[in-house]
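Novice: Got a sequence here, can you model it:
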Amino acid sequence: MVDLIPQRPKKGRGAVSNASGRYEPFTRVAIDDGWGAAPETFSPDAMGSPDNLAEPPGPPTEVTWDASRTIITRNSSPDVPFDRSINPYRGCEHGCIYCFARPSHAWLGYSPGLDFETKLLAKPEAAALLRKELARKGYKPEPIALGTNTDPYQPIERRLKITRAILEVLRETRHPFTIVTKSNLVLRDLDILAPMAREGLVRVMVSLTTLDRRLSRVMEPRAPTPERRLEALRTLNAAGVPAGVMTAPMIPAINDMELESLLDAAVRAGARHGGYVLLRLPLEIKNLFAEWLEAHFPERKAKVLNLVRDTREGGLNQSEFGLRQRGSGVYAELLAKRFKQAERRLGLNRGGARLDTSQFEAPRADERQMSLL
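Specialist: This next block holds a predicted model:
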């Protein structure tokens, strides 16, 4: 009888497994047929060198082109502060196990597990599509949110520069936008962000989950360190770009005890706005998160999941608007009170001008077309 191969953390990756998505007709299960052996069972005498005991490399990242015909996504959710967004990439190499975008990979026939981190889809025509959509007759500008599903500054952006191309169109058209990111790569585009900030056209939120580098590497294996994110906050604010902090997600018994220290550190870096989101575990993320706990925090697994249930009326997720971000119950209420107290103490979220939509200048649908004037 063959045995299931035990799931173990992969180097540089967040998900432990690569289970089939919910739309797939078959479920794949990895088994040991006896022809191989786990690395720890190898013997130096049998293999010839202790080097064979080294940790195997993590699965490589694969990038394919996404053939989307539109780039602006619309939403009418009453509990999010925007009605349109852009995501230059599908999937995210940062590898955050709790990412609520993971289930969307199942729509593509991929696993929300390791596939979400390793099989990425990039949108090379994003800037051209954006230009076309902004040029449509009757288009009415409202701030466009970048980074609402996957990070616009994940590692492949350094090479592909799709986010950069999108920002260039927004600069040309004087269109307001917001950014949410975990990456200090956002500083690369300071030449665009700073002048637009002076015109009231941009706001940035930096996601910060922990000040502990070791915990950060487990929670978000390919994201920049907490120190680099705080430096990004400091540099953005010093350059006049209003940059706040998003402490998301707060995970009971993992990082929620850091809420106040995260906000304190962000304010010292110049943040004047901040927010938080309670852990959400929709669809496949429930099992992925449980596997992650078993791999990294086995002694805390039961406690964490029980606390999550306390915030989700006995389940592991709430999909209702207004509750999905904050949860319910005593534990969730305590977290909300802690945030409110820190918010008052630090002077966070005290006003702030709305991004200006009046400066928008519609582009030509084809940038190669010359103006008659």
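
Novice: what ranges do the strands span in the stretch 1-150 of the chain?
Specialist: Secondary structure of the stretch 1-150 of the chain (DSSP state E, counting those that start in this stretch): strands at 3-4, 31-32, 62-65, 73-74, 84-86, 89-90, 119-122, 144-146.

Novice: out of those strands, nearest to L187?
Specialist: strand 144-146 (15.2 Å; C-beta to C-beta). Backbone N, C-alpha and C define where each C-beta goes, glycine included.

Novice: who does the closest one touch, helix- and strand-wise?
Specialist: In terms of contacts (3 or more C-beta pairs under 8 Å, 6 or more residues apart in numbering; DSSP states H and E), strand 144-146 is packed against strand 84-86, helix 162-173, strand 177-181.

Novice: If we use 7 Å, what do you get?
Specialist: Contact here means 3 or more C-beta pairs under 7 Å, 6 or more residues apart in numbering; DSSP states H and E; on that basis strand 144-146 packs against strand 84-86, strand 177-181.

Novice: What residues sit buried inside the helix or strand just after the last one?
Specialist: Using DSSP states H and E, the helix or strand that follows strand 177-181 in sequence is helix 190-198. Neighbour-count burial for helix 190-198, counted by 16 or more other C-beta atoms under 10 Å, picks out 190, 192-193, 196-197.

Novice: Ok, stretch 342-357 next?
Specialist: Of all the residues in stretch 342-357, those buried under the rule 16+ other C-beta under 10 Å are 342-343, 346, 348, 355.

Novice: next one: stretch 355-367
Specialist: Buried residues in stretch 355-367 (16+ other C-beta under 10 Å): 355, 360, 363.

Novice: how about the last one, what does it touch?
Specialist: Think P363. Taking C-beta atoms under 7 Å, 6 or more residues apart in numbering as the criterion, P363 is in contact with 131, 134-135, 172-173.

Novice: mind running it again at 8 Å?
Specialist: Shown in contact with P363 (C-beta atoms under 8 Å, 6 or more residues apart in numbering): 131, 134-135, 169, 172-173.

Novice: any idea which of the strands of the stretch 1-150 of the chain scores lowest on pLDDT?
Specialist: Lowest mean pLDDT within the strands of the stretch 1-150 of the chain: strand 3-4, a mean of 50.

Novice: Look at P249 and give its secondary structure.
Specialist: Judged by DSSP: H, G, I helix; E, B strand; the rest coil, the three-state class of P249 is strand.

Novice: distance of the spatially closest residue to it that is not a sequence neighbour from A194?
Specialist: Excluding the flanking residues, the one nearest P249 by C-beta to C-beta, 6 or more residues apart in numbering is L279, at 4.3 Å. L279 sits 34 Å away from A194, going by C-beta to C-beta, to the nearest Å.

Novice: can you check A353 too?
Specialist: 16 Å.

Novice: Would you map the helices across the protein?
Specialist: All helices of the chain, identified by DSSP state H, fall at 44-47, 114-118, 126-134, 157-160, 162-173, 190-198, 213-219, 226-238, 259-268, 285-296, 301-311, 330-346.

Novice: Any idea which of those has the lowest pLDDT on average?
Specialist: When those are ranked by mean pLDDT, helix 44-47 comes last with a mean of 43.

Novice: tell me the contacts of G91?
Specialist: Listed by C-beta under 8 Å, 6+ apart, the contact partners of G91 are 105, 110, 115-121, 150.

Novice: Pick out whichever of the residues you listed sits closest to R213.
Specialist: E117 (19.9 Å).

Novice: Please tell me I have it right and the closest one contacts C92.
Specialist: Yes. Contact criterion C-beta atoms under 8 Å: E117 and C92 qualify, at 6.8 Å.

Novice: quick one, which of the two is more surrounded?
Specialist: More crowded of E117 and C92, by other C-beta atoms under 10 Å: E117, with 31 against 28.

Novice: ok so, going back, could you export the buried residues of stretch 342-357 as JSON lines, including distance to V304?
Specialist: Shown next, in JSON lines, are those (distance: C-beta to C-beta, whole Å):
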{"residue": "A342", "distance to V304": "23"}
{"residue": "E343", "distance to V304": "26"}
{"residue": "L346", "distance to V304": "28"}
{"residue": "L348", "distance to V304": "27"}
{"residue": "L355", "distance to V304": "38"}
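
Novice: tell me which of those is nearest to L335?
Specialist: Using C-beta to C-beta, those come closest to L335 at A342, 10.8 Å.

Novice: what's the distance between the closest one and V267?
Specialist: The gap separating A342 from V267 is 9 Å, by C-beta to C-beta.

Novice: where do the contact lists of these two overlap?
Specialist: Shared contacts of A342 and V267 (C-beta under 8 Å, 6+ apart): L348.
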